[in-house]
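Peer 1: give me a model of this one.
(chains A and B)
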Amino acid sequence: MRATIEFEECLKDSPRFRQFVSKEESDIEHLEQRLEKIIKLCNVAVDSGKEYVKNQSAFAMSLWDLQQHFLDNKNAHNALGKLIHCFQEMNKFHTILLDQASRTVLKNLTVFVKDDINQVKDYKGHFLKVSEGYDNALIKNAQASKNRPQEVQEAANILSASKSCFQHTALDYVNYITLAQSRKVPSILSTLLDYYQACVTYYHQGFDLCNDFDEFFKNISEDLNALRGDYQQLEKVMQNRHMSVNRYCDSNTNSASNKIEGYLFKKKSKGFKTWCRRWFYLSDNQLVYSDLDSHCRKRSNEDSFSVMEEDLRICSVRPVNEGDRRFCFEVISPTKSHILQADSADMLSLWISALQHSIGAAIQHDATHNSRPQSTSMPNALPAKRRIHWEEFLKIPGNALCCDCHSQDPRWASINLGITLCIECSGVHRSLGVHYSKVRSLTLDAWETENVKVMMELGNEVVNRIYEARVGDDCELKRPTEQCEIGVREAWIKAKYVERRFVCAMPKPQELLASETAEVLSIDSGGVADEGGSGGGSNILGKHATLPLGGTRKWAVKKLRRRRQQRSLPKTLSDDPSIYNTAKTGDELDEDDDDESINIPSMSLSISRDDLLVIGDDLGLESYETPCILGSDQESTEGESDPELPEEVPFTQLDANQLLYKASVVHNLPVMCMAFALGADKTWKNPQDRQRSFLHQAVISGSVMACEYLLLNGAAIDAVDELGYSALHISTAKGHIAQVYLLLKNKAAYDLASSDGKKALDIAVDQKNADIVTLLRLTRLNDEIGLNDEYNGEDETYKDVMKDFSNFAASQPRMLRQRNDSNTLESQRSSLTNSD
Amino acid sequence: MGAREDEYDYLFKVVLIGDSGVGKSNLLSRFTRNEFNLESKSTIGVEFATRSIEVDSKTIKAQIWDTAGQERYRAITSAYYRGAVGALLVYDIAKHLTYENVERWLRELRDHADQNIVIMLVGNKSDLRHLRSVPTDEAKLFAERNGLSFIETSALDSTNVETAFQNILTEIYRIVSQKQIRDPPEGDVIRPSNVEPIDVKPTVTADVRKQCCQ
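Peer 2: Next up, the predicted model:
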């Protein structure tokens, strides 16, 4: 216990008192400094603790992220979750501890310093002031003159008051000091004790927490031991696998199936003849490889898989022994050859036998008339958009049955007629010669986009409406059937396409002018009409309607709209082939042999105004599902949505050539088909329209398929008009890249000069159409190189580049048009276009 | 010409690329025709020229594709780079921007050309000494860093034009001829000798592709 000062000493203001006071003061000062240091350090500790807690919680958060990684492993996920929970709880406890520390140590001590110590200090000032007053009073009292009793009296009074005040103040001061001194121990100790308690609580909480989870984590460590065992076992197995490497190769060789995949070195056919290693596999009768190299580095702008051979049935494979490299083999198709290299002799023979097996299987598979497996079901299915599935062709109305004998599942097509055929009829078509029918296989041949488009626009139903319009008039011929003799088939096909015996003839202009009405036959949906039957009227279901011609003295061809979405086809069409030839889908206008009415052959008519007969209004435009292969992105024709009616022509000029001429400019393929059936002259030029040919017209229409259709049917590609412009000139002037490409592909003469001495290239340069300039120059270059047959590689580059253009033109026609428009010279345009 | 111009041992496709106005077309005309035109027009699409040179007593025919530098006169990009084995990436030493754009052209090469393509960085218009804005050392360093060969040329006074083409063609020849030593000869894709019988099942449909109406 520390010494205190006697009461009297205070009152006496003895030196001991003063000594005591100053000692106590310095003692308190000392204490204050220590306490302030403690508060400061405690603050630092709390702050760093908070920092620690913050980092801990960030750590826990990162563990959450880690936990997401183990979503597929429930146990690990669970265990991690618990651990994270623990860590977060502990963190929480720590936060509480820090809170307690700041609440106890900091707060209490600060209060002690502020209240008790500062009180002493404050009072010290007061005490000193009072002490000074007392001293002054003493001095005054001492200086008081004996002669002035009043003064003496006054000084004595002041002195006694000051003294008493001083004594009280001194007592109070001592009081404060004593209080502070006596309070410091309990308040400091209790504060620290509180902090200790907080610590105890902290550890206690931690202990409880650990107790709670004890069981769980014990289980986990047991599991871990088990896992470690598994891992060691796995490690052993993995090590053993090394030993099985050698065995693996052998066992792989034994599996003689056509399922094979693996890395092969592939020799590039152009540029540097470098070898690159690619992952090859067989899929859907195709030999396919991944564009990723073995390090998964992707070449940009390419699909991740390339088809090396599209149809294994037309391929053969053989080992290559020439050359330096070992284990090479060659895959040969009619158009290409690829050299591939396996890693070993075993793999070589494995690949060759697998390929041969696949080729054999594919051919047999095809022979049994089973459809090929859907590519979508294949594990490594190719992106379907670029591939045209032949089954789409059969969805076009009428195409599910052979156009001539109506046998099921036709697998062949005539690309210039736009029909599907069975194999027997296709043979007859071939014998007619390519100027009548160009036969292709639906399943084996590679199809160009423009040919597909032609097929889409026509189809057996549309074509038969034209080529079999008068079947029944000509009864001496028997319609071929699936099983009929070859002679019947030949006679029928010849009569149908060469003699065109069943086509309704074009009425003479004077007949047209004379007749007052056009008799039409409208049929209820699904109904059966006796089409073109003599005497008409025999059909109960058919309803005759008369289209009053009235003042109609002009005609025009309807601009073709692309086919719209599907109404399902009438059942009768697919169910009963015997009535097929007369079954019609939906409402339709038709003609009838009637004396008073005109007989427009097999075409749909409508009277749009008082004086205009529109041909081809619905012909072939029965809505049906547009096969997905021709989405609007491949649309390369311009202005089809243009509602404006095309040019009108007086009846006096209605003949097959005029019809084809007008149909070409509106790319209406069904009407074009009809005009050909009516005997349009392929070399005809329009004397009233600058000697232009059908092809000129089709080029103006902007349609690729119309051009292709004319070219397929023998239109002269290099025909020039009176200004000496060929179709290539005009398509160049109009900036129709896809058409330029088509014409060049069909070997159009690019060096032809017009009467004013312009070649297509000059026009393209004038128009600054980079793409067409490139196409034209490249074609010329290729022809120059072609003179020398020794080098074939460049030819391939040319083909690839041309293909790029065709893909580009087909996929981005709008962009091409915009590019073109911005560069077009208007004068150039108007001089070349049909602006009548 | 005495020998037929078409006789050659190798045909290499080389593209000329670079910004508009750096002198690609004049480099080409200087090399192939020894002509220079101060007022040449913008190239539209592409222009071609060929010239044969001798390397190691082999005739190498260079088919040079002079492409449009101006964006709106360029055809679709992939066409330019297909089958190209060499590229002359040209900039104008007096126009710093054309040098800055070299990176962009390199990117286009990376995206569209064969990865083994030989690239030569060409600083053209070296006659414009007083207007130089791209230091030779800087361009040389850049070329080294990017694995390109480098040369400065002047199509106007013919400096280094011949050398530039000679160098790139020789470099390509070295690469290709080394490959050919290791690989079987080109051209005769279907060789008659050593043909092994192939097990193809006889069917009606197998061979149709070779028939008429292709």
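
Peer 1: for the longest helix along chain B, packing partners?
Peer 2: Counting by DSSP state H, the longest helix found in chain B is helix B:161-182. Judged by 3 or more CB pairs under 8 Å, 6 or more residues apart in numbering or on different chains; DSSP states H and E, helix B:161-182 is in contact with strand B:10-18, helix B:24-33, strand B:46-55, strand B:58-67, strand B:86-92, strand B:118-124, strand B:149-152. All C-beta spots, glycine's among them, are computed from the backbone N, C-alpha and C.

Peer 1: report the buried residues of the third one.
Peer 2: For strand B:46-55, burial by neighbour count (16 or more other CB atoms under 10 Å in any protein chain shown) applies to B:46, B:47, B:48, B:49, B:50, B:51, B:52, B:53, B:55.

Peer 1: residues contacting residue A:694?
Peer 2: Listed by CB atoms under 8 Å, 6 or more residues apart in numbering or on different chains, the contact set of residue A:694 reads A:660, A:661, A:664, A:680, A:682, A:684, A:710, A:715.

Peer 1: can I get those in CSV including distance to chain B and secondary structure?
Peer 2: Shown next, in CSV, are the contacts of residue A:694 (distance: CB to the nearest CB, whole Å; DSSP: H, G, I helix; E, B strand; the rest coil):
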residue, distance to chain B, secondary structure
A:660, 22, helix
A:661, 27, helix
A:664, 23, helix
A:680, 21, coil
A:682, 17, coil
A:684, 24, coil
A:710, 17, helix
A:715, 17, coil
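
Peer 1: want to throw those into a markdown table with pLDDT?
Peer 2: Shown next, in a markdown table, are the contacts of residue A:694 (pLDDT from 0 to 100):
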| residue | pLDDT |
| --- | --- |
| A:660 | 85 |
| A:661 | 85 |
| A:664 | 83 |
| A:680 | 84 |
| A:682 | 83 |
| A:684 | 87 |
| A:710 | 90 |
| A:715 | 87 |
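
Peer 1: before we move on, back to that, how about CSV for the buried residues of strand B:46-55, with distance to chain A and pLDDT added?
Peer 2: Compiled in CSV, these are given as follows (distance: CB to the nearest CB, whole Å; pLDDT from 0 to 100):
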residue, distance to chain A, pLDDT
B:46, 5, 90
B:47, 7, 91
B:48, 5, 89
B:49, 10, 91
B:50, 9, 89
B:51, 14, 91
B:52, 12, 91
B:53, 17, 92
B:55, 16, 89
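
Peer 1: what about residue B:100, neighbour count?
Peer 2: By the criterion of other CB atoms under 10 Å in any protein chain shown, residue B:100 has 12 neighbours.

Peer 1: look at it and report its pLDDT.
Peer 2: On pLDDT, residue B:100 comes in at 93.

Peer 1: what's the neighbour count on the spatially closest residue to residue B:27 that is not a sequence neighbour?
Peer 2: Of all residues not flanking residue B:27 in the chain, residue B:155 sits nearest, at 4.7 Å (CB to CB, 6 or more residues apart in numbering or on different chains). Residue B:155 is flanked by 28 other residues according to other CB under 10 Å.

Peer 1: pretty sure residue B:155 sits in a strand.
Peer 2: No. Per DSSP: H, G, I helix; E, B strand; the rest coil, residue B:155 lies outside any strand segment and is coil.

Peer 1: what sits against it?
Peer 2: By CB under 8 Å, 6+ apart, the residues touching residue B:155 are B:23, B:26, B:27, B:29, B:30, B:36, B:124, B:125, B:161.

Peer 1: got those residues as JSON lines, with neighbour count and pLDDT columns?
Peer 2: Below are the contacts of residue B:155 laid out as JSON lines (neighbours: other CB atoms under 10 Å in any protein chain shown; pLDDT from 0 to 100):
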{"residue": "B:23", "neighbour count": "25", "pLDDT": "92"}
{"residue": "B:26", "neighbour count": "23", "pLDDT": "94"}
{"residue": "B:27", "neighbour count": "26", "pLDDT": "94"}
{"residue": "B:29", "neighbour count": "20", "pLDDT": "94"}
{"residue": "B:30", "neighbour count": "23", "pLDDT": "93"}
{"residue": "B:36", "neighbour count": "17", "pLDDT": "91"}
{"residue": "B:124", "neighbour count": "29", "pLDDT": "94"}
{"residue": "B:125", "neighbour count": "25", "pLDDT": "93"}
{"residue": "B:161", "neighbour count": "24", "pLDDT": "93"}
